[in-house]
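**Student:** mind looking at a prediction? Sequence and model below.
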Amino acid sequence: VTPDIVELLRILVRQDTTNPPGNEQQLAEVLREWLARWGVESALQEFQPFRANLIARIRGRYSGRRLILNTHTDVVPAGSGWTEHPLAAEVRDGYLFGRGAADAKASLAAMAMALVQLRDQNLVLHGEIVLAAVGDEEVGSLGTRALLRDFTGDAAIVGEPTGRRLMTAHKGSVRPVIEVRGRSAHAAHPELGVNAIDGAAALLRRLCSYAGELGRTTHPLVGPPTLVPVLIAGGEALNTVAARCRITLDRRLIPGERDSDAVAALQNTLERFCSEHPRYAASIVEFAPTTGGPSETPARHEFVLTCQEALRRVGQFKGLGGLTVNCDMTHFRAAGIPTVIYGPGEPSVMHKPDERVSLRELELAVEAYVAMAAEWSTRSHG
Ligand SMILES: [Zn+2]
């Protein structure tokens, strides 16, 4: 009997890990059982009630460096517009459908399978290879933050749907919540108040032109930074001129940008807006959670070259790329760990109805993870 990756992916997709609330512990327990059946030991790391990471490892014959295969177990809400049930994990025309099929349970299934194969291949490994299946990547990265509090590694591969392209950079985000303040009055006498909703409308036009300016800079792997209003809420009552209106912005950062600089530039824009529209006050009042900032590993880094070489050896190198969305790589880079992103599934299916992954891609990803891990871990690194 050999482990079946399609069966494993179906098991993982059928576990509802919609975040919020996540409930990743149940999936972690199911995966622990699956790994144990194929002889790989693992342990749960709880980071909140009912929420846990799973950490599995295989140790080499010799001491050496630690490689972490990291991916997330939580998924975004299914939303509407599906033709397949998002938790059914149906297979049709060579694709497996479901929320998380690509982002990132395909990576998780492929990494788990790779770990079993690496252990069975009788390779002379140096150091250890760790699978870290973490929770909460989609909201606040609580899982990876908890993992890296008392754990580290010498290199990491983050599993996300990259279309099996090796990626060395990704965008990050910061989400300021802006409050526009006016003055309330009876809705029958708007001339006595200052309507914060009107102020927000004027501010949105200003932010739109600021977003256009951002498009003038760009990064070779991930493209330009962006700014988009994502939530708006204002007003207090049906019969009252609105005193307050809040706009939440999603500002995507490219490697090289710091969130503090992006926030300072936004604050400048707000100050200019207020001096031109003295009836209104507008300021950043809080920040909504994000996965974190942008990050990059230099393309000439030994680990990137090793991964590239391994992918070439199995005929899978497609050139380097960058991920336009956020991922947990940022936390590995902040901890000084050289990191790449690689996984099955196209980036274009993420967070959409009828998310799917090609079963052929899934098999190729197992081969790629095995090749990269073996290339890195069979070297003694002097
Ligand atoms: Zn993801």
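**Tutor:** Alright, I've got the coordinates.
**Student:** could I get the average pLDDT for stretch 8-27?
**Tutor:** Average pLDDT, stretch 8-27: 98.
**Student:** list the contacts of it.
**Tutor:** With contacts defined as CB atoms under 8 Å, 6 or more residues apart in numbering, stretch 8-27 is touched by 30-31, 34, 44, 46, 48, 50-53, 73-78, 87-89, 91, 96, 98-101, 105-106, 108-109, 112-113, 133-136, 138-139, 143, 357, 362. The way it works is simple: take the backbone N, C-alpha and C, and place the C-beta from them, glycine included.
**Student:** write the PyMOL selection for whichever of those residues are buried.
**Tutor:** To isolate the buried subset of those in PyMOL, counting by 16 or more other CB atoms under 10 Å, use the following:
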select buried, resi 30+31+34+44+51+52+53+73+74+75+76+78+89+91+96+98+99+100+101+105+106+108+109+112+113+133+134+135+136+138+139+143+357+362
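**Student:** among the contacts of stretch 8-27, which lie within strands?
**Tutor:** Counting by DSSP state E, the contacts of stretch 8-27 place L44, E46, Q48, R51, A52, N53, V91, L96, A133, V134, V357 in strands.
**Student:** what number of residues lie near the residue lying closest to T152 once chain neighbours are set aside?
**Tutor:** Closest residue to T152 apart from its sequence neighbours, by CB to CB, 6 or more residues apart in numbering: A335 at 6.1 Å. A335: 16 surrounding residues under other CB atoms under 10 Å.
**Student:** what do you get for E236?
**Tutor:** When counting by other CB under 10 Å, one arrives at 12 neighbours for E236.
**Student:** spatially nearest residue to R165 (excluding sequence neighbours)?
**Tutor:** Excluding the flanking residues, the one nearest R165 by CB to CB, 6+ apart is G321, at 4.2 Å.
**Student:** for A187, same thing?
**Tutor:** Excluding the flanking residues, the one nearest A187 by CB to CB, 6+ apart is N239, at 4.6 Å.
**Student:** burial count for the one you found?
**Tutor:** Taking other CB under 10 Å as the neighbour definition, N239 ends up with a count of 8.
**Student:** what sits against it?
**Tutor:** For N239, the contacting residues are H186, A187, A188, by CB under 8 Å, 6+ apart.
**Student:** for the first one, give me the backbone phi and psi.
**Tutor:** Backbone dihedrals for H186, given as degrees, to the nearest 10, come out at phi -60, psi 140.
**Student:** residues contacting it?
**Tutor:** H186 is in contact with L192, G193, N239, T240, V241, counting by CB under 8 Å, 6+ apart.
**Student:** make TSV from these and add secondary structure to it.
**Tutor:** Formatted as TSV, the contacts of H186 follow (DSSP: H, G, I helix; E, B strand; the rest coil):
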residue	secondary structure
L192	helix
G193	coil
N239	coil
T240	strand
V241	coil
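**Student:** who wins for most neighbours among those?
**Tutor:** Highest neighbour count within the contacts of H186, by other CB under 10 Å: V241, with 24 neighbours.
**Student:** from A187, how far out is the nearest residue to it once chain neighbours are set aside?
**Tutor:** Spatial nearest neighbour of V241, excluding adjacent residues (CB to CB, 6+ apart): G193 at 3.4 Å. Distance, G193 to A187, by CB to CB, to the nearest Å: 9 Å.
**Student:** residue contacts, the residue most central in space within the chain?
**Tutor:** Nearest residue to the geometric centre of the chain (CA atoms, centre = their mean): C327, 2.8 Å. C327 makes contact with E137, V158, E160, H170, T291, I341, according to CB under 8 Å, 6+ apart.
**Student:** now render those as JSON lines, adding secondary structure and distance to T83.
**Tutor:** Below are the contacts of C327 laid out as JSON lines (DSSP: H, G, I helix; E, B strand; the rest coil; distance: CB to CB, whole Å):
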{"residue": "E137", "secondary structure": "coil", "distance to T83": "26"}
{"residue": "V158", "secondary structure": "strand", "distance to T83": "30"}
{"residue": "E160", "secondary structure": "coil", "distance to T83": "24"}
{"residue": "H170", "secondary structure": "strand", "distance to T83": "30"}
{"residue": "T291", "secondary structure": "coil", "distance to T83": "29"}
{"residue": "I341", "secondary structure": "strand", "distance to T83": "29"}
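**Student:** and the residue of the stretch 201-350 of the chain nearest the ion?
**Tutor:** In the stretch 201-350 of the chain, the residue that lies nearest the ion is C327 (6.0 Å; CB to the ion).
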